[in-house]
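Engineer: give the three-dimensional model of this entry:
(one chain, ligands or ions: 1)
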Amino acid sequence: MDFRPTQEQQLIIETVRRYVREEIEPLEAGLDPDAGELDPADQARLVAMTKQMGFYGLDIPEEFGGPGLDTTTRALMAIEMSQHRAGLYNPCYGTFGGAGLAQLYEATDAQKERYLYPALRGEKKGCFALTEPSGGSDPARAIKTRAHQDGDEWIINGSKLYISGADKADFALVFARTGDDPGRNGVTAFIVDTDTPGFHVERVVHTLRSTHYATELSFTEMRVSHDSVLGEVNRGFAIANDRLSRQRIPYAAGCLGPAIKAQEMAVEWAKNREAFGSTLAEKQAVQWMIVDNEIDIRHARWCVLEAAQRADRGERFRTEAAMAKLVASEAAGRVVDRAMQIHGGIGMTKDLPLERWYRELRIRRVGEGPSEVQRLIMAREILGGSFK
Ligand SMILES: Cc1cc2nc3c(=O)[nH]c(=O)nc-3n(C[C@H](O)[C@H](O)[C@H](O)COP(=O)(O)OP(=O)(O)OC[C@H]3O[C@@H](n4cnc5c(N)ncnc54)[C@H](O)[C@@H]3O)c2cc1C
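Structural biologist: Next comes the predicted model:
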């Protein structure tokens, strides 16, 4: 396999790298270490810039006006875009635009008009409400939120937990049990306006993330019309499965940016900091940490690029995407941890971005499916998929 970027990809990598170094980092240096937003005027200026570069709305499919990037190029960009303090959860502060919820590309024309296109124009925000207090690793079986039909309407009762951004969202994609099947064939997806009577944001849940708070939601006798059903009744889990697996690849690539940057910082620090009469770089214990970082970064990069290339060739990539997510999230956590160790006291402070990456990376081993569930996905494919 050839993991070298093409000439065009190299040009894109260099363009994004320059953008991060020259536009994002100087602004970020003046922000609070936990900041999640740029000044609105800077934001508007940078969005105009990414539009001019032809990269705005990176994840929007080409038929909906996106730049039509292949998965490999998208992953290479994610590696570059996340190389700054807020880069893990807010790469380039959103100046490359959002894509809306991937599932909405499967919506009816009327639903697209009402939710997808306003989301793509930045006029509406959505959130994804799947996880419940009863569990998120195996949501198909854990979902207790119920919807029952009443004429042309559905009445939804239940609760959701850890739903990112619901406090600021205009609509939510809510998964509820509608059938007798206790698993994935009894769940329906509904698009619900967050101002619907009965939709409550119970509380904001503070997590290791600096921004993008999670929330707890409850639904009491929440009535929605039948037009709110996304896809088919009892087939909520079938929607956009391929797109979800594909999303794991840039998600994994995004973990690599902080790891690469942390390694650069560790190398620089080790070469210049002295202890016991010589630089840290001369101590074998430090050299080994730097080498282990390099092994982790390269291993994760290969996994990400292999998954991306398989996706681009139209081959099955479920196992590879799960492996990339698992390897990159775990490797990046180790790299940042070692980089902090090499930095000593200053590594523990908010003067450096390491502590934010360390905290936020920890979530990556649970979010979008815990490491154990990624292993389960791979085991099913390797062993034949006949067990649960
Ligand atoms: C910051 C943050 C933001 C989130 N945002 C959203 C969101 O926007 N929308 C949304 O729907 N959800 C969201 N989630 C929920 C997230 O997807 C779930 O937390 C995750 O899927 C795990 O579900 P759980 O917390 O219920 O853990 P559980 O399902 O209770 O699992 C607990 C642990 O058990 C282990 N485990 C589970 N299954 C297996 C298995 N088969 N074999 C071995 N071990 C296993 C794993 O270690 C797992 O971490 C978010 C979570 C966080 C922390």
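Engineer: which residues of the chain fall in strands?
Structural biologist: 126-129, 146-150, 153-164, 171-177, 187-193, 199-205, 214-225, 229-230, 274-275, 278-279 (DSSP state E).
Engineer: out of those, nearest to the ligand?
Structural biologist: For the ligand, the closest of the strands of the chain is strand 153-164, at 3.5 Å, according to Cβ to the nearest ligand atom. In this view, the C-beta of every residue, glycine as well, is placed from N, C-alpha and C.
Engineer: now the closest one against strand 199-205, angle please.
Structural biologist: On the basis of axes from the mean of the first three to the mean of the last three Cα atoms, to 10 degrees, strand 153-164 is oriented at 10 degrees to strand 199-205.
Engineer: poorly predicted segments of the stretch 251-388 of the chain, please.
Structural biologist: Within the stretch 251-388 of the chain, the set of residues satisfying pLDDT under 70 comprises 385-388.
Engineer: and it, which of its residues are near the ligand?
Structural biologist: For the stretch 251-388 of the chain, the residues found near the ligand under the criterion Cβ under 6 Å from any ligand atom are I363, V366, G367, G369, P370, E372, V373, L376.
Engineer: what about the nearest residue to the fifth one once chain neighbours are set aside, how many neighbours?
Structural biologist: Sequence neighbours aside, S137 is the residue nearest to P370 in space, at 5.8 Å (criterion: Cβ to Cβ, 6 or more residues apart in numbering). Taking other Cβ atoms under 10 Å as the criterion, the count of residues near S137 is 13.
Engineer: repeat for E381
Structural biologist: By other Cβ under 10 Å, neighbour count at E381 equals 13.
Engineer: for A44, see how far away it is.
Structural biologist: Distance, E381 to A44, by Cβ to Cβ, to the nearest Å: 45 Å.
Engineer: check R146 too.
Structural biologist: Distance, R146 to A44, using Cβ to Cβ: 44 Å.
Engineer: now I377
Structural biologist: Counting by Cβ to Cβ, the gap from I377 to A44 is 41 Å.
Engineer: between those two, which is the more surrounded one?
Structural biologist: I377 (20 against 12).
Engineer: give the contact list for the more buried one.
Structural biologist: Contacts for I377 were tallied using Cβ atoms under 8 Å, 6 or more residues apart in numbering; they are R318, T319, A322, G369.
Engineer: now, which of those sits nearest N293?
Structural biologist: The closest of these to N293 turns out to be A322 (Cβ to Cβ; 23.4 Å).
Engineer: if I read this right, the closest one contacts Q374, doesn't it?
Structural biologist: Yes. Between A322 and Q374 there is a contact at 4.1 Å, judged by Cβ atoms under 8 Å.
Engineer: circling back: tell me which of the strands of the chain is the most buried.
Structural biologist: Looking across those with neighbours counted as mean count of other Cβ atoms under 10 Å, the highest average goes to strand 171-177: a mean of 26.
Engineer: please see if that one touches the ligand.
Structural biologist: No. Strand 171-177 stays clear of the ligand (Cβ under 6 Å from any ligand atom), getting no nearer than 8.0 Å.
Engineer: can you name the farthest residue from the center of the protein?
Structural biologist: Using Cα atoms, centre = their mean, the residue of the chain lying farthest from its centre is G277. It sits 44.1 Å away.
Engineer: now that one: phi and psi?
Structural biologist: For G277, the backbone dihedrals (degrees, to the nearest 10) come out as phi 80, psi 0.
Engineer: stretch 122-136: end-to-end distance?
Structural biologist: End-to-end distance of stretch 122-136 (Cα to Cα, to the nearest Å): 29 Å.
Engineer: buried stuff in that stretch?
Structural biologist: Across stretch 122-136, burial judged by 16 or more other Cβ atoms under 10 Å covers K124, K125, G126, C127, F128, A129, L130, T131, E132, G136.
Engineer: if we look at the ligand, which of these are close to it?
Structural biologist: F128, A129, L130, T131, G136.
Engineer: dump the residues you listed to a markdown table, plus pLDDT and distance to E232.
Structural biologist: Formatted as a markdown table, those follow (pLDDT from 0 to 100; distance: Cβ to Cβ, whole Å):
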| residue | pLDDT | distance to E232 |
| --- | --- | --- |
| F128 | 93 | 19 |
| A129 | 95 | 19 |
| L130 | 94 | 17 |
| T131 | 94 | 22 |
| G136 | 91 | 23 |
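Engineer: what's the closest of those residues to T50?
Structural biologist: Relative to T50, and with distances defined as Cβ to Cβ, the nearest of these is F128, at 24.2 Å.
Engineer: show me what contacts the closest one?
Structural biologist: F128 neighbours (Cβ under 8 Å, 6+ apart): L101, Q103, I163, S164, A172, L173.
Engineer: partners of it in the sheet?
Structural biologist: L173 (DSSP bridges).
Engineer: and it, how far from E8?
Structural biologist: 33 Å.
Engineer: cool, S371 as well?
Structural biologist: Separation of S371 from E8 (Cβ to Cβ): 34 Å.
Engineer: these two: who's more crowded?
Structural biologist: A count of neighbours by other Cβ under 10 Å puts S371 above the other of S371 and E8, at 16 against 9.
Engineer: surely that one touches V327?
Structural biologist: No. Counting by Cβ under 8 Å, S371 does not reach V327; the two are 9.5 Å apart.
Engineer: how many residues are close by R74?
Structural biologist: 21.
Engineer: that one and T145, how far apart?
Structural biologist: R74 sits 33 Å away from T145, going by Cβ to Cβ.
Engineer: just L326 next, same as before
Structural biologist: 29 Å.
Engineer: next, count neighbours for the closest residue to A140 other than its chain neighbours.
Structural biologist: Distances taken as Cβ to Cβ, 6+ apart put R184 closest to A140, at 3.8 Å, once the chain neighbours are dropped. Using other Cβ under 10 Å, R184 has 16 other residues around it.
Engineer: and P91, what is it in contact with?
Structural biologist: A78, M81, S82, G254, G257.
Engineer: repeat for V229
Structural biologist: Shown in contact with V229 (Cβ under 8 Å, 6+ apart): W154, T188, A189, F190.
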